[in-house]
Each structure stands twice: as structure tokens, then as C-alpha cells.
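> next one to model:
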Amino acid sequence: MKTGIIVLGQHADSAGENAVAERCAEYLMGNRRKNVNIAFHHGEPSSDEVMERMNMDGIDTFVILPLSISEGRMTVWEMPKKLGLPDNCGSWRIMNGKDVATRFATALGKNDAVADELIEREGTPDDNTSILLISYGSKNRECSDTARFYASRLELAGWRTTTAYCHHGRTVQDAITDFKKQGTKHIRVIPLFIAFDGPSAEQARRELDSSVLKVEYSEPISNLESFYKVLDSKVPEGW
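Model prediction:
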């Protein structure tokens, strides 16, 4: 058995996703993980081509680490399908006439260590500031459950929080309207994104920046050290 790891991003044309993928690969290799490769679902290097090349180099057992905050159609169906798997529960496939074992890891999801670091990063609650957690959104309830988990942990720490989604749920404009009704003047945005770029994030920024609210942006949740520790924990010992 020769093992390998694929750090799997969604969009190769995202500078932010590239930076997170590179940081993840460096973190894994710094922990002496072997045969770590970066790939993308959209763009180059393409995930299926990277997996094929690794297999040609003798790797027959894979861990795939999707760079995603919560489960959804992309992680459950689309990413695995491109890698020859029926879904993210698929555990093997045939490559070059031989069986290959796979472990498609789960998305970040609800994680107490990440929540603890997020609370520490955001600091002492400010009575004049409300926190808005923005997610991409999904028809899969895991996305909203994940957002509400981090919002509730921040609330327990004393912050006033609300959530919004770029797709499939309460919109950014809905949140802005509610803030205005409540008399909130200052909001801090926490992106529950791998990288807060791309069309959806840019639209959310335009809506926020054109409101009468004073808006500040925290780094995406993927900026936290604990995010990379969670990814590393999904790789078996000795790989």
C-alpha cells in the first residue's frame, strides 16, 4: 500500500482558495505527511488528472480533503463523482485495472476547537457591534446548521449575532434590513467561506458596502490555525 493525500479546492481561479490550499499542503507536510498534492474541482490542476498521475506513480490509497466549511451538493456528490466515486461515502474504485482505496473526508462542519479560536480571535464583545456570519448557502440543512452553531457559540461569549446566505436562505439584504430596524450601526462580518472572493462574495460585499451601516470584515474562518488542525486530523496516523 502506497498512500497519498489530495487537498481538494473548488475553484483554481480563486487566489484565496489557492492560498488556503497551499497553506494546508504546507501544514500537512510540516507534520510529515507524505505525497501531498493540491487539486481543484474547477480548473487546473484538475482533481481527476491529479489522482490519475498519483496512481501512475504507485499510489493506491487516497485521502481526499475537500476545502469546504459545510457539506452540500458539491462535497457529497459533485467532487466525488469527478474522482470516480458515487458519493463521498465511496471507499474504492478501479484505476488502471486495479482496486484503489479512497477516504473522502467530511467538510469542516461544527467544531468546538474552531469555535473556541474564533471567539478568541474576535475578542471582547462590543455592545455597539453586531456580528454577521455569511455562508454561501445550500439546500442541504448542514450549511445553515453549521452557521447557526458558530453564531450560537459567539452569542454565548456575549456577541449579538445573525446569519445570512448568498444562496438558499436568509439573504444579506434581509440581514441589512433587520440591522437598520434594530438601530444597529456597526457590524462585523465573519465569512464562513474558504475564501471570501468570487461572484457570490463580491455581491455580498457590494450590498454591505452600499448600506448605511459601518462594516468591517474579519478574515474567513479558514484563516484559523484550528482549521488546519482539523484537516490534519482527518488523515490516518503514519500517512
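> Leu208: neighbour count?
If you count neighbours by other Cβ atoms under 10 Å, Leu208 ends up with 21. (Glycine included, C-beta is placed from N, CA and C.)
> pretty sure it contacts Glu202?
No: applying Cβ atoms under 8 Å, one finds Leu208 not in contact with Glu202, separated by 10.8 Å.
> what stretches of this structure score poorly on pLDDT?
For the chain, not a single residue meets the criterion pLDDT under 70.
> for it, which segments count as strands?
Using DSSP state E, the strands of the chain run over 3-11, 36-42, 61-66, 92-95, 98-104, 129-135, 160-165, 186-192, 214-217.
> for Thr129, see how far away Arg33 is.
39 Å (Cβ to Cβ, to the nearest Å).
> ignore what I typed, I meant Arg103.
Taken as Cβ to Cβ, the span from Arg103 to Thr129 is 41 Å.
> residues in contact with Leu8?
Ala39, Phe40, His41, Ser47, Ile64, Leu65, Pro66, Leu67, Met79 (Cβ atoms under 8 Å, 6 or more residues apart in numbering).
> list the contacts of the third one.
Read that as His41. Neighbours of His41 in contact, by Cβ under 8 Å, 6+ apart: Leu8, Gly9, Gln10, His11, Ser47, Met74, Glu78, Met79, Lys82.
> tell me which residues of stretch 10-30 are tucked away?
10-12, 14, 16-18, 20-21, 23-25, 27-28 (16 or more other Cβ atoms under 10 Å).
> spatially nearest residue to Arg121 (excluding sequence neighbours)?
Counting by Cβ to Cβ, 6 or more residues apart in numbering, the nearest residue to Arg121 once its immediate chain neighbours are dropped is Leu224, at 6.9 Å.
> likewise Glu142?
Distance criterion Cβ to Cβ, 6+ apart; nearest residue to Glu142, sequence neighbours excluded, is Glu71 at 4.4 Å.
> hmm, the one you found is touching Phe104, no?
No: at 11.1 Å, Glu71 and Phe104 do not qualify as touching, with contact defined as Cβ under 8 Å.
> circling back to that earlier point, which one, of the strands of the chain, ends up nearest to Asp174?
strand 160-165 (6.6 Å; Cβ to Cβ).
> so which elements touch that closest one?
Using 3 or more Cβ pairs under 8 Å, 6 or more residues apart in numbering; DSSP states H and E, the elements in contact with strand 160-165 are strand 129-135, helix 141-156, helix 172-182.
> what sits against Ala115?
Residues near Ala115 by Cβ under 8 Å, 6+ apart: Phe149, Tyr150, Arg153, Leu154.
> can you tell me which of those comes closest to Arg188?
Leu154 (10.1 Å).
> and for that closest one, the neighbour number?
20.
> give the contact list for it.
Ala115, Leu118, Ile119, Glu122, Ile131, Leu133, Thr161.
> shouldn't the fourth one be in contact with Leu133?
Meaning Glu122. No: using Cβ under 8 Å, Glu122 is not in contact with Leu133, being 10.8 Å away.
> who's more crowded, these two?
Leu133 (25 against 17).
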